[in-house]
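Visitor: I'll drop the sequence and a predicted model, then ask my questions.
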Number of protein chains: 4
Amino acid sequence: MLSHINGRQICVQQQRIRQKIFYFGRTLDYEFSYGDDVTITPRNYKFTFRHMGELDNHYAIIGMAHVAGTYPLYYDAINEKGLGMAGLNFVGNAVYADVKDGVWNVAQYEFIPWILAQCASVSEARQKLAGMNLVGTPFSEQLPSAQLHWIIADKNEAVTVESMADGLHVYDNPVGVLTNNPPFPLQMFQLNNYMKLSPKQPECNFSDRLSLCTYSRGMGAIGLPGDLSSESRFARVAFVKMNSKSGTSENESVSQFFHILNSVDQQRGCCEVADGKYEITLYTSCCNADKGIYYYTTYENHQITAVDMHKENLDGTDIVKYPLVTGENIKYLN
Amino acid sequence: MLSHINGRQICVQQQRIRQKIFYFGRTLDYEFSYGDDVTITPRNYKFTFRHMGELDNHYAIIGMAHVAGTYPLYYDAINEKGLGMAGLNFVGNAVYADVKDGVWNVAQYEFIPWILAQCASVSEARQKLAGMNLVGTPFSEQLPSAQLHWIIADKNEAVTVESMADGLHVYDNPVGVLTNNPPFPLQMFQLNNYMKLSPKQPECNFSDRLSLCTYSRGMGAIGLPGDLSSESRFARVAFVKMNSKSGTSENESVSQFFHILNSVDQQRGCCEVADGKYEITLYTSCCNADKGIYYYTTYENHQITAVDMHKENLDGTDIVKYPLVTGENIKYLN
Amino acid sequence: MLSHINGRQICVQQQRIRQKIFYFGRTLDYEFSYGDDVTITPRNYKFTFRHMGELDNHYAIIGMAHVAGTYPLYYDAINEKGLGMAGLNFVGNAVYADVKDGVWNVAQYEFIPWILAQCASVSEARQKLAGMNLVGTPFSEQLPSAQLHWIIADKNEAVTVESMADGLHVYDNPVGVLTNNPPFPLQMFQLNNYMKLSPKQPECNFSDRLSLCTYSRGMGAIGLPGDLSSESRFARVAFVKMNSKSGTSENESVSQFFHILNSVDQQRGCCEVADGKYEITLYTSCCNADKGIYYYTTYENHQITAVDMHKENLDGTDIVKYPLVTGENIKYLN
Amino acid sequence: MLSHINGRQICVQQQRIRQKIFYFGRTLDYEFSYGDDVTITPRNYKFTFRHMGELDNHYAIIGMAHVAGTYPLYYDAINEKGLGMAGLNFVGNAVYADVKDGVWNVAQYEFIPWILAQCASVSEARQKLAGMNLVGTPFSEQLPSAQLHWIIADKNEAVTVESMADGLHVYDNPVGVLTNNPPFPLQMFQLNNYMKLSPKQPECNFSDRLSLCTYSRGMGAIGLPGDLSSESRFARVAFVKMNSKSGTSENESVSQFFHILNSVDQQRGCCEVADGKYEITLYTSCCNADKGIYYYTTYENHQITAVDMHKENLDGTDIVKYPLVTGENIKYLN
């Protein structure tokens, strides 16, 4: 549960260009895990919304969740229609509204299910957002409201949703990336400062009277930040994603997606949050939103693990959980 | 074979602190593979040196090699005594000597076998280096001499070996990291510019009359470069390695080692070396130099694969090869 | 006249700490000059406001202006009460309101006179701003409305005023610096990324197992940007100003103020705005707002030139102009 | 006297392109002054060299010196033939030789007079350097040997001279800039990392699928460092010098030269070398090496002051001194 998390995350939307297959994934970075499962919510699971009654029938959902009793508190998920959504920490900036009449009052923890249960596209989500009031009602006394912002994406577009002191903002997200603070418009603006970075070797513009040289490959992106602050990770993963080239098969596409997110991996030791406590990338995920497959790795397991929602009975009423595989599964050849 | 490689690599020496177990590994980054195998050279394989006759009996070696006929052209390897050695590109700077009398004339391609076959420690390697003449004799007409420099490491220390126009240099390598250009002393010197970087959050030194804030975790290392040039990768992996914290088991240590090297992973698309050609991290390795186990991942296979030299007959005469596993081995849970 | 200027400027508020004497100055950077004078507007000069009638009696003002006919179009100025104000380019972001009833409709070009004529402090200016409507009425057909934002400062505080599509913003400006794009809140936010910069030498936090060294003085501010973009200049001049130490005499204080602004000097050749056209720092100013003295240098005259408002008849009705001294006045000792 | 100076300096060679007039100047940065004069050494001043006897007749010299008794300890100077030379701190790297036979043994403090007294060009200086042995003989007990390196320049070329543990190095200096540590080859090498910096606005190479923009002029040099470390100052002043555009008159050329050096001005407060002690740019100089005019500014005097060697009797025997003008000479217009 993200309730208390001051941690960090990165979310990426990516398309397999030719086939327009849509991949959606994220990292979740924190110093410990709340206990997470790959969780499938079938079509007939009954969602009880705090301020809006029940929803008996809806799109099936697969994603990573902390399951509280029988309720899936999703961190990130996709639905069977190919819409993805993830919540990321937004501490110090997230402010939720009070309950009011004449709108859909959605509690912060219900936001992912509410959208994914009903919307088949970002376009449909935009309509829901227009009539929605995002409120701070906590899930329980033990699980208070988390300060989050969200990315909602399909194969054609992405939006960022930020609820702040001055209201609810829905921003077009042309880069398909979200991290944490500062607010999204500031993150996007800073990309302008990196506009000359390139995967190609630089030309010498410094002076035509000096013989400067490219003494190494990869000098075109000098200036790209390598630290673990959220603004630096936003720029880095944006650069990697926008220049990424993938093979065309499913496995190559998934592999490449993990390479993109690994560019912002948090190694244990490099982000000390308290004496001897380190934020790490607890898990990294990649959903094939077309096929409904949830791929992931964990910090201590480099092998990619997968759960396919279509191998479950999607017309069921109970959630299905697959606990995270967390130890290295090494393949010994001899 | 590194012969023509203008590509890049990173090598890291790391210890599991408490038990003083020594891990040694590298990335190999290039736009295509020459065909590589995890290759074990048993004790009685006959090494025929070009200028020094034969060596019938020696330490057993495991490492990554392009095997030309029956000859293992090692990129990186360890021996059964826990000494590791790797060759990395050093294009434009490597200059080899001519054959001369009264010294050991070692061809560049024989350097790794010659050291690992005979030396049990860096200290012993230093003695060999003192009487050695590194010459440019090519392996064959098809495999001309590669421009390389080397790191030699055991659990106590590491050295860098660079053969340049002004002679052979053997440098202490206190950081236990090697990349490519520029020469090692320049790489080490540049680390001074990053001395204030830290895994901890920064204090505000800018001004005591401004309320600046740490709006994100991980701001202590702002200034660490994130691009793929060799100088930037050297600084980045040095920072990650020096601040890395690992669990104590073998699997956790190996996992952490891959996290360190993943911090300089080259994603396909981010380093374009010719139209539509991209340098990528072809493989990443981690040897447990105490146990003689060679772990690796490949660009298209995130799962860690392992070969244990002690599961082979180390008293044999023929090399043993394990071809690289190169496709994703995904574990499906349903 | 700033009407068409896409150029750049920097404004700084500074106090002589002990005596609390207030200095206020700026650079004006552009590729050519419109013809500027140090211009004194005495108390009985009749200001005719476009939408608000006339003002016969007011505070005297000294500053840099392009004088159109007999009207002083101020770039920056102070009044006899010690309030300073400057307009800086804000191209692409400035949006002015339409004229409406029940408020003071101030044309963009009247904004500096309107405030400085009537307000003795930032506090008084805030009250005026609360009832003001900033409109885009141009001075003339030849001199259309400029896209600007403003800094207003006295010895105790400073505010930034930005009129944008979403209305008029009045921001506290704790750093006492303004440049150009992006909007002020983004500029201030970016300072957080520089919080660990210091005038003192850095400690080694990179690793306690490496002997990194301060090979040069001045390494504490590594990471401070040195280019001529507005965001970089904002950070640089903010760092220099906040850490500046001055002697206590008037001349030392003025000298130090010019050193602060020289840290963001634009050298001819370093900012090419069109083929063979270069933005340069046309003039740099420093007002002693307590004494009413306007000091300045020009690009081609390093000597400081001064005009003292109190040496003129401040009860007059006509403006007094001192054309800029623009050639080097070199003192030959032999 | 630079004897104990751990301070910093920057030296620049510059040509007035069309007329090929040669300007040569420097900053001297330290926390206090030893007492310096613009000092002219006429042709018949008798130089007594410590290990090489006397020199009665030689080229006349003008430069900045601490005069010890009647001996000019030059920091920087030019001679009447248009050759310039300056010594800059090189603490921790400078190592001088012992006196030996069969060569010219030049004491470190005699190096500038010895070269400028006898050489009309860099080419002639190279010949002298070939037969020279630079020794550490101190000027006196009170004035021990300073750790320096040197730049020698004429209108056609420049060289850097560094005496280190491995001998005397004479490097071509294509950029015509010298600062302090690290050694010159490392400084030059680092410029490669800035090769893509430009005075022109950048193109967007980050991605063709994002609309990034140049929100400010001057974004082409983002990445240029702005701090006061010697490596950063080297890069910054090199960029400014190589891209500098000057008017064609003497005054414009001199003015532009000071703008170049002002780009690395050290403001009081930004480089704290001990509690409450700050390194500042004590003086900045610009010699017209063709005309023999020494122009300078001091930290507390922005006006350019000038001394013309040809206005003195250059056939004299005694040095002529002009004490530095150190207070602001402000021109009041009213």
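Guide: Received the coordinates, thanks. Numbering: from 1, shown residues only, chains lettered A, B, ... in the order given.
Visitor: Show residues contacting stretch A:244-254.
Guide: Applying CB atoms under 8 Å, 6 or more residues apart in numbering or on different chains, the contact partners of stretch A:244-254 are A:14, A:16-19, A:21, A:23, A:255-257, A:259-260, A:286, A:288, A:291, A:295, A:304, B:267-270, B:278, B:300, B:327-328, B:330. Quick note: C-beta positions are derived from backbone N, CA and C, even for glycine.
Visitor: And the strands in the stretch 51-200 of chain A?
Guide: Along the stretch 51-200 of chain A, the segments classed as strands by DSSP state E, counting those that start in this stretch run A:53-55, A:61-68, A:71-79, A:84-89, A:104-107, A:132-135, A:148-153, A:158-164, A:167-172, A:177-178.
Visitor: Briefly note if the shortest one comes near chain D.
Guide: What it means is strand A:177-178. No: contact of strand A:177-178 with chain D (CB under 8 Å from any CB of the partner chain) is absent, the minimum separation being 10.5 Å.
Visitor: wait, doesn't residue A:161 sit right on residue A:170?
Guide: Yes: using CB atoms under 8 Å, residue A:161 is in contact with residue A:170, at 5.5 Å.
Visitor: Next one: the closest residue to residue A:267 other than its chain neighbours from chain C, what distance?
Guide: Of all residues not flanking residue A:267 in the chain, residue B:259 sits nearest, at 4.5 Å (CB to CB, 6 or more residues apart in numbering or on different chains). Applying CB to the nearest CB, to the nearest Å, the value for residue B:259 to chain C is 17 Å.
Visitor: tell me the SS of residue B:259?
Guide: Applying DSSP: H, G, I helix; E, B strand; the rest coil to residue B:259 yields a three-state assignment of helix.
Visitor: which ones are touching it?
Guide: Counting by CB under 8 Å, 6+ apart, residue B:259 touches A:265, A:267, A:268, A:299, B:240, B:244.
Visitor: Can you say which helix or strand has the residue lying closest to the first one once chain neighbours are set aside in it?
Guide: This means residue A:265. Closest residue in space to residue A:265, ignoring its immediate chain neighbours: residue A:281 at 5.1 Å, by CB to CB, 6+ apart. Assigned by DSSP states H and E, residue A:281 belongs to strand A:280-288.
Visitor: can you pull out the helices in the stretch 201-334 of chain A?
Guide: With DSSP state H, counting those that start in this stretch as the criterion, the stretch 201-334 of chain A has helices at A:230-243, A:250-262.
Visitor: okay, those helices, which one's buried deepest?
Guide: helix A:230-243 (a mean of 25; mean count of other CB atoms under 10 Å in any protein chain shown).
Visitor: Thought residue A:83 was touching residue A:125, still the case?
Guide: Yes: look at residue A:125 against residue A:83 with CB under 8 Å: they come within range, at 6.8 Å.
Visitor: which residues do those two both contact?
Guide: A:115, A:119, A:152.
Visitor: Going by distance to chain C, which of those residues wins?
Guide: Using CB to the nearest CB, residue A:152 is the member of the shared contacts of residue A:125 and residue A:83 that sits closest to chain C, with 24.1 Å.
Visitor: So what sits opposite the closest one in the bridge?
Guide: residue A:85, residue A:159 (DSSP bridges).
Visitor: Flag every residue of the stretch 201-334 of chain A that's near chain D.
Guide: Residues of the stretch 201-334 of chain A lying near chain D (CB under 8 Å from any CB): A:202-207, A:209-215, A:219-220, A:222-223, A:238-239, A:242-243.
Visitor: Now which of the residues you listed would you call buried?
Guide: Neighbour-count burial (16 or more other CB atoms under 10 Å in any protein chain shown) applied to those gives A:202, A:204-207, A:210, A:212, A:214-215, A:219-220, A:222-223, A:238-239, A:242-243.
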